[in-house]
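**Q** next one to model:
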Amino acid sequence: MMTAARSADSGLAGPGELDRYPYTEAPAGERAAFRSWGGAESELGRASRRGTASRGRGLHGQLVQQLGQMIVSGDLGADRPLVPEEIGQRFEVSRTVVRESLRVLEAKGLVSARPNVGTRVRPVSDWNLLDPDIIEWRAFGPQRDDQRRELDDLRWVIEPLAARLAAGHGREDIQQRLGDMIEIMGHAMGQGDAITFSRADAEFHALLIRAAGNRMLEHLSGIVSAALHVSGGPVTGCDRPAEASLGHHARIVEALASGDSAAAETAMRQLLIGHTDGERVVPAPREH
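**A** Numbers count the residues shown, from 1 in each chain. Sure thing, here's the model as predicted:
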């Protein structure tokens, strides 16, 4: 099954772009008010607006987010067709917005549209579970525990291998940027800035996967970034694990610089052990 995760989706900083840290929230004017499916605003609806307004995707992106969350949470099931006219009325959006949104959800495997049947929710077995949006929707819905466990398992497969491969490629430019991310994380930790810390951390891991020189692994960088976000981590109110995490990140970069593949892999495994064993802090849906 193909995944929608791409390195371009991870928002990696290029040379000269590090001044975009710390991250800021989207202007309040970009946040449109959506009504929930039943009319009264729900917690799900509020989470939906937070996640999509900051992505700058407009009404189309917000509707994708809202419907996606409702499907994944089970609020919209296969027993009920998704009628475009009804969706348009409920969310006060045009037919074009509804049609484009349903096409996106269909590409993610969440719905299917058939003549004389209409648009209906597809079974979980048909969903593109590697899609970063679906990862997030599952992680903040009833399947949150399963999603986080599955993501941890996936990281154990991907990231130690990526670290080992990266040590053999000698990418000095990426190594420098990895060091920049560690510096940003350290500064953010000192300031108690959990958002900047987590964003720099996600960028570190995405860069590391890029440094592996394996395009199939690079295709999974968006998944790892999503995993870092939804898994939660000991970022604020837990200084010792955060300091230990910085040390593991630094040892990974040192191993890359020396070309020691085994040490890079070991350091990554130690980092993942600390992430898995640390006290989890459940984050809010993404706000970019």
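
**Q** which residues in the stretch 1-150 of the chain form strands?
**A** 111-114, 118-121 (DSSP state E, counting those that start in this stretch).

**Q** TSV please, covering the ones you listed and showing mean pLDDT, mean neighbour count and distance to Arg103.
**A** No exception for glycine: its C-beta is placed from N, CA and C like everyone else's. Output for the strands of the stretch 1-150 of the chain, formatted as TSV (pLDDT from 0 to 100; neighbours: other C-beta atoms under 10 Å; distance: least, C-beta to C-beta, whole Å):
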stretch	mean pLDDT	mean neighbour count	distance to Arg103
strand 111-114	92	16	8
strand 118-121	92	18	10
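
**Q** for Ala78, which of these is the nearest?
**A** strand 118-121 (4.7 Å; C-beta to C-beta).

**Q** and Ser225, how far is that from Leu151?
**A** Look at Ser225 and Leu151: by C-beta to C-beta, to the nearest Å, they are 11 Å apart.

**Q** the two: which is more packed in?
**A** Ser225 (27 against 21; other C-beta atoms under 10 Å).

**Q** and that one, what pLDDT?
**A** Reading off the confidence values, Ser225 has pLDDT 78.

**Q** wait, it sits on Ile135?
**A** No. The pair Ser225 / Ile135 is not scored as a contact, 9.6 Å apart, by C-beta atoms under 8 Å.

**Q** can you name every helix or strand that the helix or strand containing Val157 contacts?
**A** According to DSSP states H and E, Val157 maps onto helix 144-167. Packed against helix 144-167, as judged by 3 or more C-beta pairs under 8 Å, 6 or more residues apart in numbering; DSSP states H and E, are the following elements: helix 132-139, helix 194-211, helix 215-218, helix 221-231, helix 239-258, helix 261-277.

**Q** recalculate using a threshold of 6 Å.
**A** helix 194-211, helix 221-231, helix 239-258, helix 261-277 (3 or more C-beta pairs under 6 Å, 6 or more residues apart in numbering; DSSP states H and E).

**Q** next, format those helices as a markdown table and append distance to Met181.
**A** What follows is these, written out as a markdown table (distance: least, C-beta to C-beta, whole Å):
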| stretch | distance to Met181 |
| --- | --- |
| helix 194-211 | 4 |
| helix 221-231 | 12 |
| helix 239-258 | 8 |
| helix 261-277 | 13 |
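
**Q** where in the stretch 51-200 of the chain is pLDDT low?
**A** For the stretch 51-200 of the chain, the stretches with pLDDT under 70 are 51-57.

**Q** check contacts around the nearest residue to Leu102 once chain neighbours are set aside.
**A** Spatial nearest neighbour of Leu102, excluding adjacent residues (C-beta to C-beta, 6 or more residues apart in numbering): Thr119 at 5.7 Å. Thr119 makes contact with Leu82, Leu102, Val111, Ala113 under the criterion C-beta atoms under 6 Å, 6 or more residues apart in numbering.

**Q** and Thr119, how far from Leu67?
**A** Separation of Thr119 from Leu67 (C-beta to C-beta): 10 Å.

**Q** hang on, Ile209 packs against Ala162?
**A** Yes. The pair Ile209 / Ala162 is scored as a contact, 4.6 Å apart, by C-beta atoms under 6 Å.

**Q** which neighbours do these two have in common?
**A** Joint contacts of Ile209 and Ala162 (C-beta under 6 Å, 6+ apart) are Leu217.

**Q** so which residues of the stretch 1-150 of the chain form helices?
**A** Listed in chain order, the helices of the stretch 1-150 of the chain (DSSP state H, counting those that start in this stretch) span 43-53, 58-73, 84-91, 95-107, 132-139, 144-167.

**Q** tabulate the strands of the stretch 1-150 of the chain in TSV, adding columns for distance to Ile195.
**A** As requested, the strands of the stretch 1-150 of the chain are exported to TSV (distance: least, C-beta to C-beta, whole Å):
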stretch	distance to Ile195
strand 111-114	33
strand 118-121	33
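
**Q** out of those strands, flag the one nearest Asp260.
**A** strand 111-114 (48.2 Å).
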